[in-house]
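1. kindly return the folded structure for what I paste below:
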Amino acid sequence: MSDGGNPENGPEFGEGNAPPGNVGMQALTQYVKDLSFENPGAVMNLAAPPQTEFNIDPQWRRLDADHFEVELRLRVSAKAEDKPVFLLELVYGGLFVVSGNPPEDFLNQILMIDAPQLLFPFVRRIVADTVLSGGLPPLLLPLVSFAGIYRARAAEGQLRTGPLDA
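-> A predicted model of the protein is given here:
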């Protein structure tokens, strides 16, 4: 799902939508799982910044009762004058502990909104550094509303009710 527009705040907890009292989340580690950068436009003389498109897809899976892997799958492509400049694909992961045995719908929010928000600044940095290392001006991705992605998936009935299989 693509989301590069106006950022929104995280999950909205208000009356009747408060998080369970003893639920906690902790990031244990984060890592690059896969990174690919194709740079056919390295020798192009760019008069203007290329047109970029990006798509981000947060996913998660349960490793055991309290441990979860969250992935941000990102694809960024750039073109100038209908010629490809670069293609970057990144899978960035994080290992999280969620304690307090939250209900499934709240767990989904934690793993689809809060965890990706913690990972995304590092994804932005990797993209900027990789594009810069490819001889192009660094690309700073726009902020992403993971709450917006979550709500859109919920509206389309695409939210999981359980963890992904490995």
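
2. helix, strand, or coil at Leu90?
-> strand (DSSP: H, G, I helix; E, B strand; the rest coil).

3. for it, give me its contacts.
-> For Leu90, the contact set (Cβ atoms under 8 Å, 6 or more residues apart in numbering) comprises 32, 34-36, 72-75, 123, 126-127. C-beta coordinates here come from the backbone N, C-alpha and C atoms, glycine included.

4. so which of these are in strands?
-> With DSSP state E as the criterion, strands contain 32, 34-36, 72-75 from among those.

5. what stretches of this structure score poorly on pLDDT?
-> For the chain, the stretches flagged by pLDDT under 70 are 1-21, 160-166.

6. most centrally placed residue in it?
-> Computing the C-alpha centroid of the chain and ranking residues by Cα atoms, centre = their mean puts Leu72 first, at 3.7 Å.

7. tell me the bridge partners for that residue.
-> Pro58, Tyr92 (DSSP bridges).

8. which residues touch it?
-> 56-58, 90-93, 116, 119-120, 123.

9. give me the neighbour count for Ser145.
-> 20 (other Cβ atoms under 10 Å).

10. hmm, Leu139 is touching Asp129, no?
-> No - Leu139 is not in contact with Asp129 according to Cβ atoms under 8 Å; the separation is 9.9 Å.
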